[in-house]
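Undergrad: pasting the structure only:
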């Protein structure tokens, strides 16, 4: 094989979108393509056992180097978001030394497929559980209106009002479940758009001003004149702002301010939303972002909550490689902080303060 042929093979190897590793007869990495380097780091010259410690994959490598046909294996690599790969190992015999085996390891990302399957199962379980109560209530009222209260105008008006509230709750629940499913499905894919966070927060405050006024709550926004542009999904960041401000409006005490603050430091921007409500007991805080977790289920449902708002917020922030921090103390209100990374090019040009 001449140099031109070798160069062509190497170019094809490096052009593959899936991570590829070429192993020698003793399982040492002879070559890796750019995708493998991005996923695994620079592992050229390392033993396969030190790169991936999965016994099933190492057994597949041994089988391939013996010339056998190994089975594919699933592998989960932890990162900010866990990625699942289908790992295939194939024996190769194109070495300059006849009979010297090689093995080609391919990692095919199936995160989206597995996430889709998991979300489908969870969606059905959660939806059926949460919809069961309002559906049973609706059926009960319908049967009553068809029977004992058929000619009772006063009962009919009262029941129809309750039925409307239950149907509205189911609508909100289905909308939030669909929204959460879409967000989780794409959580491992970093957003590529841009977000003007200051403008987004101002718009969220404006949209919720009427609700705050009706609850006798004042929304106070404090922010610098310039806030760097972030990399993100504008609609999802708006959803985060709306959910957190709306939560603060629901749970703060009347005639108290909700302090919304934007600050920038060390390559990050922080959105802080502070209320003066009853606060949250320490043992509840770690579970607040779980699906359908409610401290007071009755009050949450009465106020129109679906139990999914903070879970939606968490998964959006995960997708944006940010952090959600919650501080609260009984009797002293709560603070929710969203910390998002500023792109390097914005950090370079951001004014110092």
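TA: Looks like it arrived, so ask away. What you see is a predicted model, and the numbers here were worked out from it, not measured in a lab.

Undergrad: for residue 39, phi and psi?
TA: phi -80, psi -40 (degrees, to the nearest 10).

Undergrad: what segments of the stretch 201-350 of the chain are helices?
TA: Assigned by DSSP state H, counting those that start in this stretch, the stretch 201-350 of the chain shows helices spanning 234-251, 297-302, 309-319, 344-349.

Undergrad: relative to helix 309-319, how tilted is the first one?
TA: Between the axis of helix 234-251 and that of helix 309-319 there is an angle of 150 degrees, by axes from the mean of the first three to the mean of the last three C-alpha atoms, to 10 degrees.

Undergrad: packing partners of helix 234-251?
TA: The helices and strands touching helix 234-251, judged by 3 or more C-beta pairs under 8 Å, 6 or more residues apart in numbering; DSSP states H and E, are strand 194-195, helix 197-214, strand 257-265, strand 268-274, helix 309-319, strand 334-341. Where you see a C-beta, it was placed from the backbone N, CA and C, and this is true even at glycine.

Undergrad: in CSV: the helices of the stretch 201-350 of the chain, plus mean neighbour count and distance to residue 90.
TA: Below are those laid out as CSV (neighbours: other C-beta atoms under 10 Å; distance: least, C-beta to C-beta, whole Å):
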stretch, mean neighbour count, distance to residue 90
helix 234-251, 21, 40
helix 297-302, 13, 54
helix 309-319, 22, 34
helix 344-349, 12, 39
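
Undergrad: TSV please, covering those helices and showing mean pLDDT.
TA: Converted to TSV, those look like this (pLDDT from 0 to 100):
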stretch	mean pLDDT
helix 234-251	94
helix 297-302	54
helix 309-319	93
helix 344-349	55
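
Undergrad: can you say which of the ones you listed is nearest to residue 284?
TA: With C-beta to C-beta, the closest approach to residue 284 among those belongs to helix 309-319: 11.3 Å.

Undergrad: got the angle between that closest one and strand 334-341?
TA: Using the same axes, to 10 degrees: helix 309-319 against strand 334-341 is 20 degrees.

Undergrad: distance from helix 309-319 to the middle of the chain?
TA: Centre-to-centre, helix 309-319 and its host chain are 5 Å apart (C-alpha atoms, centre = their mean, to the nearest Å).

Undergrad: likewise for stretch 278-290?
TA: The answer for stretch 278-290 is 19 Å, by C-alpha atoms, centre = their mean.

Undergrad: how long is it end to end?
TA: 21 Å (C-alpha to C-alpha, to the nearest Å).

Undergrad: before we move on, what about stretch 90-101?
TA: 10 Å.

Undergrad: thinking again about what came up before, format the helices of the stretch 201-350 of the chain as JSON lines; extra columns: distance to residue 42.
TA: Below are those laid out as JSON lines (distance: least, C-beta to C-beta, whole Å):
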{"stretch": "helix 234-251", "distance to residue 42": "34"}
{"stretch": "helix 297-302", "distance to residue 42": "50"}
{"stretch": "helix 309-319", "distance to residue 42": "27"}
{"stretch": "helix 344-349", "distance to residue 42": "22"}
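
Undergrad: which of those helices sits closest to residue 285?
TA: Proximity to residue 285 (C-beta to C-beta) singles out helix 309-319 among these, at 10.8 Å.

Undergrad: would you map the strands across this protein?
TA: Remark: strands assigned in the chain by DSSP state E are 20-23, 29-32, 73-77, 83-92, 102-109, 194-195, 218-222, 230-231, 257-265, 268-274, 323-328, 334-341.

Undergrad: tell me the contacts of residue 14?
TA: 33, 34 (C-beta atoms under 8 Å, 6 or more residues apart in numbering).

Undergrad: hmm, back to that, in JSON lines, list the strands of the chain along with mean neighbour count and mean pLDDT.
TA: JSON lines is the format used below for those (neighbours: other C-beta atoms under 10 Å; pLDDT from 0 to 100):
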{"stretch": "strand 20-23", "mean neighbour count": "21", "mean pLDDT": "92"}
{"stretch": "strand 29-32", "mean neighbour count": "19", "mean pLDDT": "91"}
{"stretch": "strand 73-77", "mean neighbour count": "15", "mean pLDDT": "88"}
{"stretch": "strand 83-92", "mean neighbour count": "18", "mean pLDDT": "90"}
{"stretch": "strand 102-109", "mean neighbour count": "19", "mean pLDDT": "91"}
{"stretch": "strand 194-195", "mean neighbour count": "17", "mean pLDDT": "94"}
{"stretch": "strand 218-222", "mean neighbour count": "14", "mean pLDDT": "94"}
{"stretch": "strand 230-231", "mean neighbour count": "20", "mean pLDDT": "92"}
{"stretch": "strand 257-265", "mean neighbour count": "18", "mean pLDDT": "94"}
{"stretch": "strand 268-274", "mean neighbour count": "19", "mean pLDDT": "95"}
{"stretch": "strand 323-328", "mean neighbour count": "16", "mean pLDDT": "94"}
{"stretch": "strand 334-341", "mean neighbour count": "20", "mean pLDDT": "95"}
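
Undergrad: fine by me, thanks again.
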